[in-house]
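# build me a structure from this.
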Amino acid sequence: MKPLQCACLVDVQDQKLLLVRVRQNQHWYLPGGKVEQGESADQALSRELAEELGIAIQNTHYLYTVIAPAYGQAGDVELICYSAKWQGVPRAMGEISEVAWLPLQNIDQFAPAVQVLCHDFLASEPSPPR
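Just a heads-up that it's a prediction; the model follows:
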């Protein structure tokens, strides 16, 4: 089964990661969402962040791709991770119920694929450019 492709924003400031929670899920996810057919990952990221957080992004920079078990569904998820400059104040919109900057030490609260990102990429890299 092909992994579900998602474009995601990775933004770390002061050792805190910008995350979202969908409905009342227990774990937190990276902002972003599913790449639709005929859409590039960059386009999906821009669309999803406008719909879900009300922010406009610019100057995306590819960081890393994570393939890990999907949380709450069968199969894997492929997170195509970007850093980006953005404008606006992130707020919960659409299916997003909460937006927060969570300390990287709270990794047990993150969805499995976000935990993989933290272990494999963020632990070995300086903070992504913004």
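# every contact and neighbour count from this point should use C-alpha atoms.
Fine.
# and the longest strand seen in the chain, which strands flank it?
The longest strand of the chain (DSSP state E) is strand 56-69. Under the criterion DSSP bridges, strand 56-69 sits next to strand 76-87 (antiparallel) in its sheet.
# for the strand it pairs with, give the mean pLDDT please.
For strand 76-87, mean pLDDT rounds to 95.
# in the next helix or strand after that strand, what's buried?
Using DSSP states H and E, the helix or strand that follows strand 76-87 in sequence is strand 96-103. Using 16 or more other Cα atoms under 10 Å as the test for burial, strand 96-103 gives 96, 98-99, 102.
# contacts for the host helix or strand of residue 117?
Taking DSSP H and E as the definition, residue 117 sits inside helix 112-120. Residues outside helix 112-120 that contact it (Cα atoms under 8 Å, 6 or more residues apart in numbering): 29-30, 66-71, 77, 79, 104, 107-108.
# what's the answer for stretch 31-40, then?
4-10, 18-20, 41, 44-45, 48-49, 52.
# rewinding a little: in a markdown table, list the buried residues of strand 96-103 along with distance to residue 112 and pLDDT.
Output for the buried residues of strand 96-103, formatted as a markdown table (distance: Cα to Cα, whole Å; pLDDT from 0 to 100):
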| residue | distance to residue 112 | pLDDT |
| --- | --- | --- |
| 96 | 18 | 95 |
| 98 | 18 | 96 |
| 99 | 18 | 97 |
| 102 | 15 | 97 |
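# hmm, back to that, how far does the longest strand of the chain sit from its chain's centre?
Distance, stretch centre to chain centre, for strand 56-69: 8 Å (Cα atoms, centre = their mean, to the nearest Å).
# show me the residue at the heart of this structure, geometrically.
Among the residues of the chain, the one closest to the centroid is residue 30, at 2.3 Å (Cα atoms, centre = their mean).
# wait, that residue touches residue 9, no?
Yes - using Cα atoms under 8 Å, residue 30 makes contact with residue 9 at a distance of 6.3 Å.
# the lengthiest helix in the chain - contacts with which helices or strands?
Using DSSP state H to define each element, the chain has its longest helix at helix 41-53. With contacts taken as 3 or more Cα pairs under 8 Å, 6 or more residues apart in numbering; DSSP states H and E, helix 41-53 sits against strand 4-9, strand 32-34, strand 56-69.
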